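Visitor: What would the 3D arrangement of this be:
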Amino acid sequence: MSLYVDNILIAKNSKEMIDTIKRWLLSKFEMKDMGEANYVLDVKIIRDRAKRLLGLTQETYIKKILLKRYHM
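Guide: Got it, this is the predicted structure:
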């Protein structure tokens, strides 16, 4: 589980455990489930469930820096 300001990201290899954690959090705090994350802090999350792989890329951030600093 990762917490940044008012955003929580939960990663676990068990969907049932994630659901249990979400239910507990909802019983204690006012919150809403935004579904699966695609980006977190400008880092793109890549999933391949068939191969059970999880990857991260900063491609968007790199492109932003290249454009702002180097006009590429």
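
Visitor: State the number of residues packed around Lys22.
Guide: 14 (other CB atoms under 10 Å). Where you see a C-beta, it was placed from the backbone N, CA and C, and this is true even at glycine.

Visitor: And Asp48, by the same measure?
Guide: By other CB under 10 Å, 9 other residues sit near Asp48.

Visitor: Identify, by residue count, the longest helix of the protein.
Guide: Across the chain, the helix with the greatest residue count (assigned by DSSP state H) is helix 15-28.

Visitor: dump the residue contacts of the residue with the shortest distance to the centre of the chain.
Guide: Central residue of the chain (CA atoms, centre = their mean): Ala37, 4.0 Å from the mean position. By CB atoms under 8 Å, 6 or more residues apart in numbering, the residues touching Ala37 are Leu9, Ile45.

Visitor: Identify the residues contacting the longest helix of the chain?
Guide: Residues contacting helix 15-28 (CB under 8 Å, 6+ apart): Met1, Ile8, Ile10, Lys12, Met31, Asp33.

Visitor: out of these, which is most surrounded?
Guide: Busiest of the contacts of helix 15-28 [other CB under 10 Å] is Ile8, holding 17 neighbours.

Visitor: What strands line up against the stretch of helix or strand that one belongs to, and which way round?
Guide: Of the helices and strands defined by DSSP states H and E, Ile8 is found in strand 7-9. Strand 7-9 sits in its sheet next to strand 2-4 (antiparallel), going by DSSP bridges.

Visitor: quick one: least confident helix or strand in the protein?
Guide: strand 2-4 (a mean of 76; mean pLDDT, DSSP states H and E).
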